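J.: got a sequence here, can you build the structure:
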Amino acid sequence: MRIPTHEKVERLRERYPKGTRVVLNTPFDDPYAEQTAGDRATVELVDDLGQLVCRWDCGSSLSLIPGEDDFRKLTEEELKEEQNEQTQDDMNLSM
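T.: Have a look, this model is predicted:
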């Protein structure tokens, strides 16, 4: 892995601020990783190496490496769907 410049890391931090939701397009090239295509995570921070430190919905904390891992930000529509699902879950729990 090539170490990115300070400027590149800052651009990544602007693009993926804390709380950004991402989805994995293809599984990690790691036989021990739990994640599969479609798994979602929340960005906790971008470290000094430009890796996205994530909290995965499945409970894992593996980082994403831009340029090596195949992922994308969730769309506005996907974010709204998640909010609706969470609202439904909360309503079901309160019954």
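
J.: what bits of the chain have low per-residue confidence?
T.: Counting by pLDDT under 70, the low-confidence segments of the chain come to 1, 95.

J.: could you rerun that using 80?
T.: By pLDDT under 80, the weakly predicted segments of the chain are 1-2, 88-95.

J.: strands of that one, residue ranges please.
T.: If you assign secondary structure with DSSP state E, the strands in the chain sit at 21-24, 40-46, 52-56, 63-64, 71-73.

J.: show me what the fourth one is packed up against.
T.: With contacts taken as 3 or more C-beta pairs under 8 Å, 6 or more residues apart in numbering; DSSP states H and E, strand 63-64 sits against strand 52-56. Glycine gets a C-beta too; all of them are placed from N, C-alpha and C.

J.: buried residues of the strand it packs on, list them for me.
T.: If you call a residue buried by 16 or more other C-beta atoms under 10 Å, then strand 52-56 has these buried ones: 52, 53, 54, 56.

J.: the third one contacts residue 61, correct?
T.: The one in question is residue 54. Yes - the pair residue 54 and residue 61 qualifies as a contact (C-beta atoms under 8 Å) at a distance of 6.9 Å.

J.: coming back round to it: quick one, which of the strands of the chain gets closest to residue 8.
T.: Ranking the strands of the chain by proximity to residue 8 (C-beta to C-beta) places strand 40-46 first, at 10.1 Å.

J.: the closest one - contacts with which helices or strands?
T.: Other elements packing on strand 40-46 under the criterion 3+ C-beta pairs under 8 Å, 6+ apart are helix 6-15, strand 21-24, strand 52-56.

J.: now the shortest one, how far from the centre of its chain.
T.: Read it as strand 21-24. 4 Å (C-alpha atoms, centre = their mean, to the nearest Å).
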